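Engineer: Give the three-dimensional model of this entry:
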Amino acid sequence: MGIDKTALVTGGSSGIGLAVARRFAKAGVRTIIMGRSSSVIEIARSLSGEGCSVTGQVMELSDLPAVQSWLREVPQRWGHIDIVVNNAGIHPKRQGWKYLVEEVDFEQWHEVMNVNLTAPFMICAALLPAMKERGWGRVINIGSSGARNRPVAPSAHYVASKAGLAGLTRCIAEEGAGNGITANCVAPGPVTTRLTASSSPEAIAELTRSIPMGRYGTADEIAALVEFLASDQASFITGTVIDANGGSTMN
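Structural biologist: The predicted structure is shown next:
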């Protein structure tokens, strides 16, 4: 990575996304952080104030036409994007607990799928051709341990979207390998973020007991892995789903 690289990080205004954006920016990567709230503009300004090149982009990823319109502007506005981190994700809860399959309505199903899976697909589909032309690219998708093992806590629409993201990752890896592109999926276990804070105290305690390390992970621990996967040092790693869950699953 370096000053000749540009990264796009979705869900970059908090949690894992913000930790990733901070690492990229400090490594000299021109970074675009995308978020649904206007706070992403101020966050980007703050990071830029630390001597980094960071731009904020307000975007509601469930608004697919808006996403497509922005992607059409990328060549003129940014030139090229070399690193994509599809981090943004939503996981609606019912009073801090999961929705059962029969409790998920179609509107909520489609919103989760649009944000967690369809928008990442659109972003990759739009940016991959230019990566192939340049012979270098990195795609890192943020999945979930809930889509890797027994889904005790997460709801069906969240699990299905994250499982689909892992499959999309493998397709990108297969198709981009000959053009210097790697694609990998990071599957975090419970991490202390605004998203996990929406769980009930009882659900958090139950999950914590299931982790051999006895704690939630931190956003920066996941960001460190993402930074490595985006580097030249990880150029022989592609098509993988990497678990980072404190030992909850061991392969």
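Engineer: Quick check: Val104 touching Tyr158?
Structural biologist: No - assessed by Cβ atoms under 8 Å, Val104 is found out of contact with Tyr158, at 9.6 Å. The way it works is simple: take the backbone N, C-alpha and C, and place the C-beta from them, glycine included.
Engineer: More neighbours: which of those two?
Structural biologist: Between Val104 and Tyr158, counted using other Cβ atoms under 10 Å, Tyr158 has the larger neighbour count: 26 against 19.
Engineer: Mind telling me what element that one is part of?
Structural biologist: Using DSSP states H and E, Tyr158 falls within helix 156-176.
Engineer: Next one: Phe121 relative to Ile181, how far apart?
Structural biologist: Remark: distance between Phe121 and Ile181 (Cβ to Cβ, to the nearest Å) = 16 Å.
Engineer: helix/strand/coil for Gly246?
Structural biologist: Per DSSP: H, G, I helix; E, B strand; the rest coil, the secondary structure class of Gly246 is coil.
Engineer: That one - nearest residue in space that isn't next to it in sequence?
Structural biologist: Leaving out its chain neighbours, the residue that sits closest to Gly246 by Cβ to Cβ, 6 or more residues apart in numbering is Met213, at 3.7 Å.
Engineer: Val191 now?
Structural biologist: Val191 sits nearest to Gly217 (Cβ to Cβ, 6+ apart), 4.4 Å away.
Engineer: that older thread, what about Phe121 and Ile181, which has more around it?
Structural biologist: Neighbours were counted for Phe121 and for Ile181 using other Cβ under 10 Å; Ile181 has more, 21 against 15.
Engineer: any idea how far that one lies from Glu102?
Structural biologist: Here the criterion is Cβ to Cβ. By it, Ile181 lies 40 Å from Glu102.
Engineer: ditto for Leu64
Structural biologist: Per Cβ to Cβ, Leu64 is found 27 Å from Glu102.
Engineer: Compare those two (neighbour count), which wins?
Structural biologist: Neighbours were counted for Leu64 and for Glu102 using other Cβ under 10 Å; Leu64 has more, 14 against 7.
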